[in-house]
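> Give me a 3D structure for the following:
(chains A, B, C and D)
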Number of protein chains: 2
Amino acid sequence: MARPNLSNQRRAELVPVLARAFAELGYRRATTAALAERCGLRENQLYRLWPNKKAMFLASIDYLYEYTAEIWSRLLNEEDDVSPAERILNWEGEHRGETGLHRITFAGLNEADDPEVREALKRMYRKFHRFIIGQVKAHRETAGSADHPDATLTAWSVIALGMMTNITHELGLLNSKAQGKLFQEVGRLLLEGESSKS
Amino acid sequence: MARPNLSNQRRAELVPVLARAFAELGYRRATTAALAERCGLRENQLYRLWPNKKAMFLASIDYLYEYTAEIWSRLLNEEDDVSPAERILNWEGEHRGETGLHRITFAGLNEADDPEVREALKRMYRKFHRFIIGQVKAHRETAGSADHPDATLTAWSVIALGMMTNITHELGLLNSKAQGKLFQEVGRLLLEGESSKS
DNA sequence: TTATTTTGTAAGTGTACACTTACGTTTTAA
DNA sequence: TTAAAACGTAAGTGTACACTTACAAAATAA
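Numbers count the residues shown, from 1 in each chain, chains lettered A, B, ... in the order given. Model (predicted):
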């Protein structure tokens, strides 16, 4: 034996950097040279940690969920008078698209004919879906329960809204106020089966 | 003067072919060689019709709206006992993602740091939005009007649902029955402000 | 110390691909 | 008939970029 292998640790340190690069540049423009530079490494050093560019991208997809889940978990542990589900809705309505990390999903969807990329995206969406279902059910147990779509459909719809606000933010289609209104008002309708305007 | 210039006509004939190529292959893998082959042309012949690959892609984005609007318009002119808005919901719930043309938007979002691509996408979404707003308003004038989000938000939400069902179809996350249910049930909730389960 | 493995630096290599050039052939307005 | 423009065919060209090779320096277990 000689020097200890710190690859796992270094990968963990570098994934956020890679993810940000893919998010800012997209898959195509995130050249291996650019990735290496942002990591403060040479290209071949990157290739010692991941077998190819695609693997770096797959790791970034996984990171996107972990990063978001981390933020949501923090929100869930806060003391507040509204339900956790509503806290997440409010937070996302205000901050959606700020990090730009969602652009990784755009890049991923564009590469979705690749089986590995497709599986990574599926995993990611399923994890989000499961997380949100939990929040929807918890919310509905406490709040008065109107007639609304089942939790599965509701969760997909919330993800859809998230995607849409990402897009409108990306393209500058809605200002941040309208974006927040979209997310929160429709989100609440989905959660509670009735408009929050009342 | 000599031979008449048929460029406009040829462009119009070829755009659907290009759009399908971008949809099937994504921007990156849709090489100019592949595009030319599908058009039954040589590369330089394509370059006589469009200045570069990006222009071909922009034309494909525009085509995506025209194609969809064409289908929707046909649906609007049918005789039926449900409202036009509901007919579109039903149709999209059943056929969403079938053509695969929506993948053009994935490719576009991935290239959205390019100003021209971003503008093309904005145009496209705005046109869809306007179209849907019209349908939502028409529907609500005839149907009983519950308490629901305003037409603008509703229209964005419907687009969001469309996007989501495209994604779930693309990734194989939902079977077509669940996909239809998502689109129709939630769509109706958004349209009418109450769940259709009742 | 020393053998072994990781880390750093520098310079490639092969190829895919957007875009071009050159040139011959067909069509049509005058 | 003819000149000009459109059309067809073939063969490039330059370069960007994923990935590799070679080798020296540094670190650590024995």
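> Give me the neighbour count for the residue of chain A found nearest DNA strand C.
Going by CB to the nearest atom of the strand, DNA strand C is nearest to A:A2 of chain A, at 2.4 Å. Where C-beta positions appear, they are placed from N, C-alpha and C, glycine not excepted. A:A2 has 4 neighbours, counted by other CB atoms under 10 Å in any protein chain shown.
> Show me the helices in chain A, by range?
A:7-29, A:32-39, A:43-49, A:53-76, A:84-95, A:103-110, A:115-142, A:151-171, A:176-181, A:187-192 (DSSP state H).
> wait, which of those helices is closest to B:G26?
Among the helices of chain A, the nearest to B:G26 by CB to CB is helix A:103-110 (5.0 Å).
> what about that closest one, near chain B?
Yes: using CB under 8 Å from any CB of the partner chain, helix A:103-110 comes into contact with chain B via A:103, A:106-107, A:109-110.
> ok, and of these, which contact DNA strand D?
Subset of the residues of helix A:103-110 next to chain B in contact with DNA strand D: empty, counting by CB under 7 Å from any atom of the strand.
> Pull out the buried members of these.
For these, a neighbour count by 16 or more other CB atoms under 10 Å in any protein chain shown gives the buried set as A:103, A:106-107, A:109-110.
> what's around A:A178, how many residues?
By other CB under 10 Å, neighbour count at A:A178 equals 15.
> what sits against it?
Residues counted as contacts of A:A178 (CB atoms under 8 Å, 6 or more residues apart in numbering or on different chains) are A:T168.
> cool, and A:T165?
A:92-93, A:96-97, A:174, A:179, A:182-183.
> Going by neighbour count, which of the residues you listed are buried?
Neighbour-count burial (16+ other CB under 10 Å) applied to those gives A:92-93, A:96-97, A:174, A:179, A:182-183.
> Now pLDDT and distance to B:L190 too, for the residues you listed, in CSV please.
Listed next are the buried ones among the contacts of A:T165 as CSV, based on pLDDT from 0 to 100; distance: CB to CB, whole Å:
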residue, pLDDT, distance to B:L190
A:E92, 89, 19
A:G93, 87, 17
A:R96, 86, 19
A:G97, 83, 22
A:L174, 95, 17
A:Q179, 90, 17
A:L182, 93, 11
A:F183, 89, 14
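> For the residues you listed, work out which two are farthest apart.
Spatially, the most separated pair among the buried ones among the contacts of A:T165 is A:E92 and A:L174, at 14.1 Å (CB to CB).
> Run through the residues that contact the residue lying closest to A:E24 once chain neighbours are set aside.
In space, not counting the residues next to it along the chain, A:E24 is nearest to A:G100; the distance is 6.4 Å by CB to CB, 6 or more residues apart in numbering or on different chains. By CB under 8 Å, 6+ apart, A:G100 lies in contact with A:20, A:23-24.
> which one of the residues you listed sits closest to DNA strand D?
Nearest member of the contacts of A:G100 to DNA strand D, counting by CB to the nearest atom of the strand, is A:E24, at 14.1 Å.
> Mind pulling up the pLDDT for the residue nearest to A:F131 when sequence neighbours are not counted?
Counting by CB to CB, 6+ apart, A:F131 lies nearest to A:A69, which is 6.6 Å off, once chain neighbours are set aside. On pLDDT, A:A69 comes in at 95.
> does A:A69 really touch A:R130, like I thought?
No: in this structure, A:A69 is not within contact of A:R130 by CB atoms under 8 Å, at 10.5 Å.
> Looking at these two now, which is surrounded by more residues?
A:A69 (13 against 10).
> what's the burial count for A:P51?
The tally of other residues near A:P51 (other CB under 10 Å) stands at 9.
> cool, A:A23 as well?
By other CB under 10 Å, neighbour count at A:A23 equals 20.
> contacting residues around it?
Contacts for A:A23 (CB under 8 Å, 6+ apart) come out as A:60, A:99-104, A:107.
> Roughly how far does the nearest residue to it once chain neighbours are set aside sit from B:G134?
Leaving aside its sequence neighbours, A:A23 sits nearest to A:R103 (CB to CB, 6+ apart; 4.4 Å). Using CB to CB, to the nearest Å, we find A:R103 at a distance of 31 Å from B:G134.
> Could you do A:H95 as well?
Counting by CB to CB, the gap from A:H95 to B:G134 is 32 Å.
> Among these two, which residue is more densely surrounded?
More crowded of A:H95 and B:G134, by other CB under 10 Å: B:G134, with 15 against 12.
> ok, now which ones touch the more buried one?
Residues in contact with B:G134 (CB under 8 Å, 6+ apart): none are found.
> what do you get for A:L41?
Residues near A:L41 by CB under 8 Å, 6+ apart: A:L14.
> shaky segments in chain A?
Chain A contains residues with pLDDT under 70 at A:1, A:143-146, A:194-198.
> Get me the contact residues on it for DNA strand D.
Contact residues (CB under 7 Å from any atom of the strand) of chain A with DNA strand D: A:1-4, A:28-33, A:42-44, A:47, A:52-54.
> if we go to 6 Å?
Residues of chain A found near DNA strand D (CB under 6 Å from any atom of the strand) are A:1-4, A:31-33, A:43-44, A:47, A:52-53.
> Drop anything exposed from the residues you listed.
Those of those that meet the buried threshold are A:47, A:53, by 16+ other CB under 10 Å.
> Out of the residues of chain A next to DNA strand D, give me the two with the largest separation.
Greatest spatial distance among the residues of chain A next to DNA strand D (CB to CB): A:M1 and A:T31, at 36.1 Å.
> isn't A:L18 right next to A:I61, touching?
No: in this structure A:L18 lies outside contact range of A:I61 using CB under 8 Å: 10.5 Å.
> what's near enough to touch the residue lying closest to A:D114 once chain neighbours are set aside?
Excluding the flanking residues, the one nearest A:D114 by CB to CB, 6+ apart is A:K54, at 7.2 Å. Taking CB under 8 Å, 6+ apart as the criterion, A:K54 is in contact with A:114, A:116-117.
> Please repeat the previous calculation with a cut-off of 10 Å.
A:27, A:111, A:114, A:116-117, A:120 (CB atoms under 10 Å, 6 or more residues apart in numbering or on different chains).
> again, but for A:K127
With CB under 10 Å, 6+ apart, A:K127 has these contacts: A:62, A:65-66, A:68-69.
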